[in-house]
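Novice: when you get a sec, could you give me coordinates for this:
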Amino acid sequence: MRRYDDIVEVTRGPVHGIEAPQEFRWRGWPWQVVAVVDHSLETGAWWASESARDVIGTAESQPAPRAVGDLLDERERWRVEARRRSVARATLPARTGVFDLTLDPSDGRWRLVGCAD
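Specialist: As a prediction, this is how the structure comes out:
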């Protein structure tokens, strides 16, 4: 699977009875989700965040009591099978692939982070 970090526009809706990403636009092309392969919640590298360093402290400083809200942040990860929707006068053949999409609740942005096509 190739790795990316591209912001994408996502429309949510039902996909085989599951509320999921229904379509997305990546690099100018519309993609229609045909199946949800996997869905999970994941945490980022919380141990490397500034708040974690503030709570844990460093060799030069003592830990200080602080709110740890960003230590608990999660993002949604969806692995979907999608096909490129036809566009008027498109000369490229239809393509399908498996894509990893993530939703970061801190900024509300969707990202395409992986693709196997």
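Novice: next up, the contacts around the residue nearest the centre of the chain.
Specialist: Centroid check for the chain by C-alpha atoms, centre = their mean gives Thr102 as the closest residue, at 1.0 Å. Counting by C-beta atoms under 8 Å, 6 or more residues apart in numbering, Thr102 touches 42, 75-78, 110-111, 113. Quick note: C-beta positions are derived from backbone N, CA and C, even for glycine.
Novice: ok, now how distant is it from Arg85?
Specialist: 22 Å (C-beta to C-beta, to the nearest Å).
Novice: just to revisit the earlier point, and the residue nearest to the centre of the chain, how close does it get to Ser86?
Specialist: Relative to Ser86, Thr102 is positioned 27 Å away (C-beta to C-beta).
Novice: and if you look at Arg27?
Specialist: Counting by C-beta to C-beta, the separation of Arg27 from Ser86 is 16 Å.
Novice: looking at the two, which one has more neighbours?
Specialist: Between Arg27 and Ser86, counting by other C-beta atoms under 10 Å, Ser86 is the more crowded of the two (12 against 9).
Novice: that one is in what secondary structure piece?
Specialist: Assigned by DSSP states H and E, Ser86 falls within no helix or strand.
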